[in-house]
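> below are the sequence and a predicted model; questions follow.
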Amino acid sequence: MIDGVIALYIFMLAAFTGYEVISRVPVILHTPLMSGSNFVHGIVLVGAMVALATADSTLLRVIGFIGVVLAAGNAVGGYVVTERMLKMFVSAGRRKGP
């Protein structure tokens, strides 16, 4: 099992690396990358559900449930943002709404 300090170090390193990578992405690539990240959020949701299913104490079940809720919200939010971004690229002739 991974020691707590090592796990915290890995988490901080992953967060910093993710921030640096995403901040250097050109604006034109955000829509395709958002679709790809939605796929990753789905995998995170499945991992959270597996962790919840294998939890053997009340504390672990609570943490697993919070993980499932946050992962589901993240995946749904990613699809909502992608949908809004794709609506911005609709041609002017097709925008005949109210």
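Received the coordinates, thanks.
> which strands and helices lie in contact with the longest helix along the chain?
Longest helix in the chain by number of residues (criterion: DSSP state H): helix 58-87. Applying 3 or more Cβ pairs under 8 Å, 6 or more residues apart in numbering; DSSP states H and E, we find helix 58-87 packed against helix 30-53. Glycine gets a C-beta too; all of them are placed from N, C-alpha and C.
> next one: the helix it packs on to chain centre, how far?
Centroid displacement of helix 30-53 relative to its chain, using Cα atoms, centre = their mean, to the nearest Å, is 5 Å.
> how near is the residue positioned nearest the centre of the chain to residue 47?
Residue closest to the mean C-alpha point of the chain, counted by Cα atoms, centre = their mean, is residue 41 at 3.9 Å. As judged by Cβ to Cβ, to the nearest Å, residue 41 and residue 47 stand 11 Å apart.
> give me the common contacts of those two.
Among the neighbours of residue 41, those also in contact with residue 47 (Cβ atoms under 8 Å, 6 or more residues apart in numbering) are residue 71.
> quick check: mean pLDDT of stretch 17-31?
In this model, stretch 17-31 has an average pLDDT of 76.
> stretch 60-68 now?
Rounded mean pLDDT across stretch 60-68 is 91.
> same check, this time on stretch 82-98
69.
> what about residue 68, how many residues nearby?
Counted by other Cβ atoms under 10 Å, the residues lying close to residue 68 total 20.
> name the nearest residue to it, ignoring sequence neighbours.
residue 48 (4.5 Å; Cβ to Cβ, 6 or more residues apart in numbering).
> now do the contacts for the one you found.
Residue 48 touches 64, 67-68, 70-71, counting by Cβ under 8 Å, 6+ apart.
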